[in-house]
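# Everything below, folded, please.
(one chain, ligands or ions: 1)
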Amino acid sequence: MMVILKSAVVVMCAGVLAGGAALAAGQNTPSDVPPVIDVHVHAMDESFPGGGPMCPNEAKFLASDPKTKEAGFGWDVENCTPKLYPAAKGEYLKDMKAEMERLNVTAVVFGDAASVKKWRDAMPGRVIPGTSFTAGMGAGRVPMDKLREAFTTGGFKVMGEIGLQYEGLSPSDMSVDQYFALAEELDIPVAIHMGTGGSGRANISSPKFRGSMGNPLLLEELLARHPKLRVQVMHAGYPMIDNMLTLLQANSHVYVDVAGLIWSYPLVEVNRYIQRLVEAGFEDRVMFGTDQMEWPKLMGYSISIIQNADYLTPEQKRDILYNNAARFLRLDQQAK
Ligand SMILES: [Zn+2]
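Now for the predicted structure:
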């Protein structure tokens, strides 16, 4: 997860998974909308309290003076039409269900068991459940036996979002190795926050966060210890493109998602980053994601960035929006 942008509230997520993914279009989905998989959604049941309308892809981070009262985020405030609005109180899940049906989206939804269940109940067949051993932005840990249960009998399919960077910890830190060993043993893919989180004011909003702990190459020792581990680098290690490409070149079990970064950094920069990943030869490892937490229309907006990318072929767009995630999550095999 990311620090929530353009809002005074700082959040991090930890996730839990839900059952099999039915990918057939529902009755409210127009028949000509091809399926999309969003591999990075958080199981909120309300838009973030305190959050407001948001303009995506703002162009600048602004300097501030420690002598003044500084906001917890450093994006400049821009105007756009239309802004993305939070859902009305009590309406978020209903709005998300309508959006996911309209856009034909199946999502990996991360959260604890109760939160993810709400999503599964609200939109059966569109939720792939994910949960993690990290508890939000704190250093709390879910007990191993609970985690094993979640992935053996609890229906969870992805271990994430693993937010060690917010604790200032490397994913290769030995204190968390047992969790990755469990994922490897159970053949559960892991989804790890790497890279983004730069709100421009990390020193204020998340004092334990370390940009350096999002370096994709920090995954190398973990991958060496667990050679069968399947890894989703959340936020694609943004903005460390050279190290991200180095890791992808060395490890073919590693995929990336473009969640968060796709709507929260300057648009030219976002497109340049995705283009670089694809043109470096990794078009079969880039997965679409949003980091959906607050604004129901964010999902459609984020899909449109891929759809409008003039540097991607129609086939590459489908790979990013669906095929790569279906392969990574082995959805075709689950359906059998
Ligand atoms: Zn994240």
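# For Asp38, which three-state class applies?
strand (DSSP: H, G, I helix; E, B strand; the rest coil).
# Does it touch Leu298 like I think?
No - with contact taken as CB atoms under 8 Å, Asp38 and Leu298 are classed as non-touching, separated by 10.1 Å. From N, CA and C alone the C-beta is placed, and that goes for glycine too.
# Pick out whichever of these two has more residues nearby.
Asp38 (27 against 21; other CB atoms under 10 Å).
# show me what contacts that one?
Each residue near Asp38 by CB atoms under 8 Å, 6 or more residues apart in numbering is listed here: Val105, Thr106, Ala107, Val108, Ala259, Phe288, Gly289, Thr290, Gln292, Met299.
# where does the residue nearest to it when sequence neighbours are not counted fall, helix, sheet strand or coil?
Closest residue in space to Asp38, ignoring its immediate chain neighbours: Ala107 at 4.2 Å, by CB to CB, 6 or more residues apart in numbering. Following three-state DSSP, we place Ala107 in the strand state.
# Run a quick neighbour tally on Ala107.
28.
# hmm, back to that, any common contacting residues for Asp38 and Leu298?
Thr290, Gln292.
# distance of the residue nearest to Asp38 from Met44?
Ala107 sits 12 Å away from Met44, going by CB to CB, to the nearest Å.
# OK, contacts around the residue in the stretch 51-200 of the chain that the ion sits nearest to?
Nearest residue of the stretch 51-200 of the chain to the ion, counting by CB to the ion: His193, 3.6 Å away. His193 makes contacts with Met1, Met2, Glu161, Ile162, Gly163, Leu164, Gln165, Tyr166, Gly214, Met234, His235, as judged by CB under 8 Å, 6+ apart.
# Find the nearest non-adjacent residue to the fourth one, please.
It refers to Ile162. Ile192 (4.5 Å).
# okay, now the residue nearest to Glu283 when sequence neighbours are not counted: neighbour count?
Leaving aside its chain neighbours, Glu283 sits nearest to Gln316 (5.1 Å; criterion: CB to CB, 6+ apart). By other CB under 10 Å, the residues close to Gln316 number 19.
# Tell me the secondary structure of Gln316, please.
With three-state DSSP as the criterion, Gln316 reads helix.
# is it true that it touches Leu277?
No - applying CB under 8 Å as the test, Gln316 and Leu277 come out as separate, 10.7 Å apart.
# Please enumerate the shared neighbours of the two.
Common neighbours of Gln316 and Leu277 (CB under 8 Å, 6+ apart) are Glu283.
# before we move on, back to that, for the residue of the stretch 51-200 of the chain closest to the ion, which residues make a bridge with it?
Met234 (DSSP bridges).
# picking that back up, look up how far Glu294 lies from the residue nearest to Ile162.
22 Å.
# Compare the contacts of His193 and tell me which is most surrounded.
Met234 leads the contacts of His193 on contacts (other CB under 10 Å) with 34 neighbours.
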